[in-house]
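> Structure for the following, please:
(one chain, ligands or ions: 1)
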Amino acid sequence: MKIILNNNNLRKIIRPISDIGFVPTMGGIHKGHISLIKKSIELNKKTIVSIFVNPKQFNNIKDFKSYPFNIENDLIILKKIKKLDFLYIPKFKDIYENKNKSQIKIKRKDKILCAKYRKGHFEGVLDVMNRLTTLINPKKIFMGKKDYQQLFLVKNFIEKRFNTKVIGCKTIRNKNKLALSSRNLLLNKQELKDVEKISIQFLNLKKKIKSTNNINRFLQRSKKELERFFNIKIEYLENRNTKNLMLSKKYQSSKIFISYYYKNIRFIDNF
Ligand code: AMP
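Okay, the predicted model is just below:
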């Protein structure tokens with residue numbers, strides 16, 4: 001695995017390669033990231049992973065400052081992946097070398113779920129993905145369904161502008177059904193147990209709505225119960241169509257989308 005630390009080297013090394021798969025990350029590498037990398041290795045001649053904690057997509061400075069960042073640990077994990085060709089670790093100035101202010105705006109219909117609660121977040125994500133895709137020109141980009149709305153918005157944005165396909169990959173969970181996330185590193189053992197229990201309750205909701213007449217009313221009631229029982233703040237708990245993310249009354253072709261705060265740490269998932 002070759003480590004690339006600036007754009008000059010990136011351009012020199014990557015330009016001649018026509019079939020490259022790209023896995024963008026913010027570090028805190030875990031098995032969820034590794035599954036994306038393996039998919040890219042399977043489907044492309046070469047694979048590049050990036051680690052860049054993009055300050056412009058954090059709507060909350062505290063959240064940015066506490067984001068788990070441990071490059072030494074990430075390197076140990078990534079070096080073990082045979083056939084991973086490149087790791088790109090840009091600096092802020094590499095990504096934002098083009099200083100033109102981004103004109104990217106989220107459409108009003110898309111200001112739902114995380115876009116409603118994290119002002120400017122997806123504008124920051126689309127801007128950085130636009131810059132990374134311009135630099136790397138990958139044939140495919142691999143992203144997790146764990147961040148389903150991100151995948152939805154990035155796919156629509158990138159596939160319109162570039163000759164690049166965005167591939168959604170399944171959510172990897174631990175043995176207690178908790179979706180792997182870099183933010184789990186912020187939890188101690190007991191806290192981890194708590195969020196695992198919460199995750200199992202969400203999974204139970206998914207089972208229950210199969211035979212529920214009024215899914216939205218049921219979710220509203222469950223939201224209050226779960227908040228009280230687990231002492232968490234749920235931002236949204238909504239059943240939405242997987243194709244267009246519109247609110248849905250049906251079990252079929254839909255997912256339950258969840259965002260909640262446990263002890264000031266924000267978690268998202270979908271089932
Ligand atoms: P992050 O480093 O959190 O920005 O995530 C980088 C990529 O990994 C994104 O496309 C995420 O959706 C994806 N990802 C994060 N967690 C998981 C997971 N548990 N399973 C699959 N993909 C994931």
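> Quick check, pLDDT for the residue in the stretch 51-200 of the chain positioned nearest to the ligand.
Taking Cβ to the nearest ligand atom, the ligand has its nearest neighbour within the stretch 51-200 of the chain at residue 144, 2.3 Å off. Where you see a C-beta, it was placed from the backbone N, CA and C, and this is true even at glycine. Per-residue pLDDT puts residue 144 at 98.
> got it, and the one 3 residues further on?
Reported pLDDT at residue 147 in the predicted model: 98.
> Nearest residue to it in space, ignoring adjacent ones along the chain?
residue 268 (7.0 Å; Cβ to Cβ, 6 or more residues apart in numbering).
> I'd like to know how far the one you found sits from the ligand.
Separation of residue 268 from the ligand (Cβ to the nearest ligand atom, to the nearest Å) stands at 10 Å.
> Which secondary structure state is assigned to that residue?
strand (DSSP: H, G, I helix; E, B strand; the rest coil).
> contact partners of the lowest-mean-pLDDT helix or strand in the chain?
Sorted by mean pLDDT, DSSP states H and E, the helices and strands of the chain end with helix 61-65, the least confident at a mean of 89. For helix 61-65, contacts defined as Cβ atoms under 8 Å, 6 or more residues apart in numbering pick out 53, 55, 58, 266.
> Could you identify which of those has the most neighbours?
With neighbours taken as other Cβ atoms under 10 Å, the top of these is residue 58, carrying 18 neighbours.
> ok, now which ones touch that one?
64, 67, 121, 124.
> If we only consider the contacts of helix 61-65, which is nearest to residue 130?
Closest approach to residue 130 among those (Cβ to Cβ): residue 55, at 16.1 Å.
> Scan the chain for its longest helix.
Longest helix in the chain, counting residues (DSSP state H): helix 189-208.
> could I have stretch 94-114 exported to CSV, CA atoms only?
C-alpha atoms of stretch 94-114 as CSV (Å, rounded to 0.1, in the frame of the first residue of the first chain):
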residue,chain,number,x,y,z
ASP,A,94,-4.8,19.9,-0.7
ILE,A,95,-8.6,19.5,-0.7
TYR,A,96,-9.4,23.2,-0.8
GLU,A,97,-6.6,24.3,-3.1
ASN,A,98,-9.3,25.6,-5.4
LYS,A,99,-10.5,28.4,-3.2
ASN,A,100,-13.7,29.2,-5.1
LYS,A,101,-16.6,29.2,-2.7
SER,A,102,-18.9,26.2,-3.3
GLN,A,103,-22.2,26.9,-4.9
ILE,A,104,-23.6,23.6,-4.0
LYS,A,105,-27.1,23.7,-2.4
ILE,A,106,-29.4,21.0,-1.2
LYS,A,107,-32.9,21.1,-2.8
ARG,A,108,-35.8,21.9,-0.5
LYS,A,109,-37.3,18.5,-1.0
ASP,A,110,-34.0,16.9,0.3
LYS,A,111,-34.0,18.9,3.5
ILE,A,112,-35.3,16.0,5.5
LEU,A,113,-33.7,13.6,8.1
CYS,A,114,-30.1,14.6,8.8
